[in-house]
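**Q** can't give you the sequence, but here's the structure:
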Ligand SMILES: CC(C)(COP(=O)(O)OP(=O)(O)OC[C@H]1O[C@@H](n2cnc3c(N)ncnc32)[C@H](O)[C@@H]1OP(=O)(O)O)[C@@H](O)C(=O)NCCC(=O)NCCS
């Protein structure tokens with residue numbers, strides 16, 4: 001699998017040298033506000049996670065998100081597919097732009113669009129779905145812009161900081177993706 005290039009972002013494999021940034025992000029309460037992550041994570045935990053994910057199949061390995069920064073690339077987040085069902089040709093997708101300084105500038109939407117292209121055109125998926133906390137308005141908006149459709153709500157499905165939250169399911173099907181591409185979205 002080679003690096004997947006979009007206009008302003010690219011998706012590549014994780015390097016050990018990325019891990020320090022990941023630890024910074026997953027310990028930042030603002031970044032993890034809408035994520036099902038509760039506990040502090042150390043660099044030792046992160047190393048263990050990395051060793052574990054390197055054992056996964058190629059399709060299930062995380063993908064680092066870099067943004068174009070002049071002639072260079074800058075690390076801004078990570079993403080990946082999980083929970084593959086190869087018979088139904090479905091998988092779940094997840095994303096985290098850990099670099100808060102660039103939130104709201106369309107990078108999350110563009111990375112999601114690139115992940116869809118990878119999922120449909122390379123992994124030959126038919127359905128890509130995601131779960132998002134109902135309060136995570138920025139994420140929901142980014143997913144809607146990337147073509148994800150609302151399909152359901154699990155009521156009070158997560159408990160964080162003493163509060164239950166609903167979890168929304170959103171998905172995009174290959175037919176919808178094809179139509180969006182024809183319309184030149
Ligand atoms: C969610 C995330 C991937 C979105 O990436 P991003 O680059 O910030 O998103 P985009 O700029 O592409 O789109 C965000 C949209 O939400 C809008 N938005 C921001 N805050 C909002 C709010 N409180 N209510 C409604 N819309 C909001 C932005 O205005 C923008 O829409 P617009 O282009 O129509 O103006 C990124 O913010 C992130 O990783 N956050 C932390 C981790 C996380 O929550 N991950 C998702 C877990 S499901």
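**A** Everything's here; your move. Quick caveat: nothing in here was measured; it's all calculated off a predicted structure. Residues are numbered from 1 along each chain as shown.
**Q** Could you show which parts of the chain are in contact with the ligand?
**A** 31, 34-35, 77, 95-97, 103-109, 132, 136-139, 141-142 (C-beta under 6 Å from any ligand atom). Yep, even glycine has a C-beta here, placed from its N, CA and C like the rest.
**Q** Give me the pLDDT for the residue lying farthest from the centre of the chain.
**A** No residue in the chain sits farther from the centre than residue 162, which is 25.7 Å out by C-alpha atoms, centre = their mean. pLDDT recorded at residue 162 is 93.
**Q** The one 5 residues further on now?
**A** Looking at residue 167, its pLDDT stands at 98.
**Q** Check residue 182 too.
**A** pLDDT at residue 182 comes out at 87.
**Q** Please report the distance of the closest residue to the ligand within the chain from residue 65.
**A** Relative to the ligand, the nearest point of the chain is residue 108 (2.0 Å; C-beta to the nearest ligand atom). Counting by C-beta to C-beta, to the nearest Å, the gap between residue 108 and residue 65 amounts to 9 Å.
**Q** same deal with residue 27?
**A** Distance from residue 27 to residue 65, by C-beta to C-beta: 19 Å.
**Q** which of the two has more neighbours?
**A** Taking neighbours as other C-beta atoms under 10 Å, residue 27 and residue 65 compare with residue 65 leading, 29 against 15.
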